[in-house]
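> quick one: sequence and predicted model below, then my questions.
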Amino acid sequence: MKNAPSIEEQKEIHYKMVLTRRLEETLGDLVKAGKTRGPLHRCDGQEAVGVAACAALTIKDYACTTHRGHHVYIGKGMDPRRIIAEIMGRETGYCKGRGGHMLLGDVSTGMLGGNAIVGAGIPAATGMAMSIQLLKQDRVAMAVFGDGAAQTGICHESMNIAGLWKLPVIFLLENNQYGLTVRQEVQSPIPDLYTRAAGYGMPGEVVDGNDAVAVYRVVAKAAERARRGEGPTLIEAKTYRMAGFSTSDMGGYQTEEEMKPWLKRDPIKLSAAVLAKLIGKDEITEIDKAATEEMKQAFEVALADPLPKFEIHAPSSAYSEATQ
């Protein structure tokens, strides 16, 4: 079993975390400029969970995520230009501009979709795992979901059947402390949600969701277990949502005092500190610059891409007669 990412893998994880942060920041600027439609759900501060977890999987493995899933898209290897194109409604997007920022999917990278319905990705990944088991494939499925989704009935139903049938699925609970504008402790009678795993006959793990290496290790361990036919794992990654619920969130409920320790433990800063001891600060600076430049160019190209063309069909003669 692989216990930790190599230095090259850590560099790639850091690069993709910076890519994700630049994506979110630029999208935030476009929202303020009135150049987007509808709310966007940013994942600032949560990059280590999605990126490092996906790094611990193979390209053949399946993943699905939530309405706040840009870090998972980037982590699974999707093209930033096509992600942006989809968010901005361009024809070159993964869903030809029809899906929007919550509903991206890419079969070639095993990214089988985001989801706008709270908790709906959990049974989807469980179903993926059932197909893997039936087809006897060397794959695992991973559902990334939040602490709010952990309170839904379909979450418990999925974990129950996964535990019963020993399905090769990883339940990655991304606890960012908030469901909408409500603190996690107001939603659950227990502070540590991973302890629920015992009720479904699966291991429960808790990890610092801002520590990319720690996330990689625990997901890699769960993936190896699933491949051996030993069933699912519930992982609770404790992190923090630095931005509001969405870009339409008025804010005001996350105090400076509450946010201060989390801002100090920004996952990108932590990653840089770890890598600096391995490769030096200068190379980290170059990685950051390269990621920033790639995302800048991705936006320039995507925003110049064409909008979808919609064909308007005249009603059939039968329809016209019926409505007269």
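Here it is on my side, so go on.
> switch to C-alpha atoms for all contacts and neighbour counts from now on
Will do.
> strands along the stretch 1-150 of the chain, start to end?
With strands called from DSSP state E, counting those that start in this stretch, the stretch 1-150 of the chain shows them at 62-64, 141-146.
> meant to ask about the stretch 151-300 of the chain, not that
Going by DSSP E, counting those that start in this stretch, the stretch 151-300 of the chain shows strands at 169-175, 178-179, 182-183, 204-208, 233-238.
> neighbouring strands - and their directions - for the fourth one?
Strand partners for strand 204-208, identified by DSSP bridges, are recorded as strand 233-238 (parallel).
> the strand it pairs with - what's its average pLDDT?
Strand 233-238 shows a mean pLDDT of 98.
> before we move on, what about stretch 28-47?
pLDDT averaged over stretch 28-47 gives 91.
> which residues of the stretch 1-150 of the chain score low on pLDDT?
1-2 (pLDDT under 70).
> ok, and what's touching stretch 87-94?
36, 81-86, 96-101, 104-106, 302-303, 305-308 (Cα atoms under 8 Å, 6 or more residues apart in numbering).
> now for residue 50: which residues touch it?
Going by Cα under 8 Å, 6+ apart, residue 50 touches 69, 71-72, 75, 144.
> before we move on, back to that, in TSV, list the strands of the stretch 1-150 of the chain along with distance to residue 224 and mean neighbour count.
Shown next, in TSV, are those (distance: least, Cα to Cα, whole Å; neighbours: other Cα atoms under 10 Å):
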stretch	distance to residue 224	mean neighbour count
strand 62-64	14	28
strand 141-146	12	28
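> as a markdown table, those with distance to residue 289 would be great.
Putting these into a markdown table (distance: least, Cα to Cα, whole Å) gives the following:
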| stretch | distance to residue 289 |
| --- | --- |
| strand 62-64 | 29 |
| strand 141-146 | 29 |
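> in the protein, which spans are helices?
Remark: helices assigned in the chain by DSSP state H are 7-32, 47-55, 70-75, 80-87, 121-135, 153-165, 212-227, 256-264, 267-279, 281-304, 317-322.
> by contact count, what packs against the first one?
I take that to be helix 7-32. Where contact means 3 or more Cα pairs under 8 Å, 6 or more residues apart in numbering; DSSP states H and E, helix 7-32 is packed against helix 47-55, helix 70-75, helix 267-279, helix 281-304.
> quick one: closest of those helices to residue 204.
Each of those has some distance to residue 204 by Cα to Cα; the shortest is helix 47-55, at 15.9 Å.
> pick the most deeply packed of the helices and strands packed on helix 7-32.
helix 47-55 (a mean of 30; mean count of other Cα atoms under 10 Å).
> before we move on, back to that, tell me which of the strands of the stretch 1-150 of the chain lies nearest to residue 54.
strand 62-64 (8.0 Å).
> export stretch 242-260 to PDB, keeping only CA atoms.
Output of stretch 242-260 as PDB, limited to C-alpha atoms (Å, rounded to 0.1, in the frame of the first residue of the first chain):
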ATOM      1  CA  MET A 242     -13.700  30.600   3.600                       C
ATOM      2  CA  ALA A 243     -16.300  32.100   1.300                       C
ATOM      3  CA  GLY A 244     -20.100  32.300   1.800                       C
ATOM      4  CA  PHE A 245     -22.500  29.600   0.800                       C
ATOM      5  CA  SER A 246     -22.700  31.100  -2.700                       C
ATOM      6  CA  THR A 247     -21.900  34.300  -4.500                       C
ATOM      7  CA  SER A 248     -25.500  35.500  -3.600                       C
ATOM      8  CA  ASP A 249     -24.700  35.000   0.100                       C
ATOM      9  CA  MET A 250     -24.900  38.300   2.000                       C
ATOM     10  CA  GLY A 251     -22.500  37.000   4.700                       C
ATOM     11  CA  GLY A 252     -22.000  38.500   8.100                       C
ATOM     12  CA  TYR A 253     -22.400  35.200  10.100                       C
ATOM     13  CA  GLN A 254     -18.800  34.100   9.900                       C
ATOM     14  CA  THR A 255     -16.900  36.300  12.400                       C
ATOM     15  CA  GLU A 256     -13.300  37.400  12.000                       C
ATOM     16  CA  GLU A 257     -12.500  35.600  15.300                       C
ATOM     17  CA  GLU A 258     -14.000  32.400  13.900                       C
ATOM     18  CA  MET A 259     -12.200  32.600  10.600                       C
ATOM     19  CA  LYS A 260      -8.800  33.800  11.900                       C
END
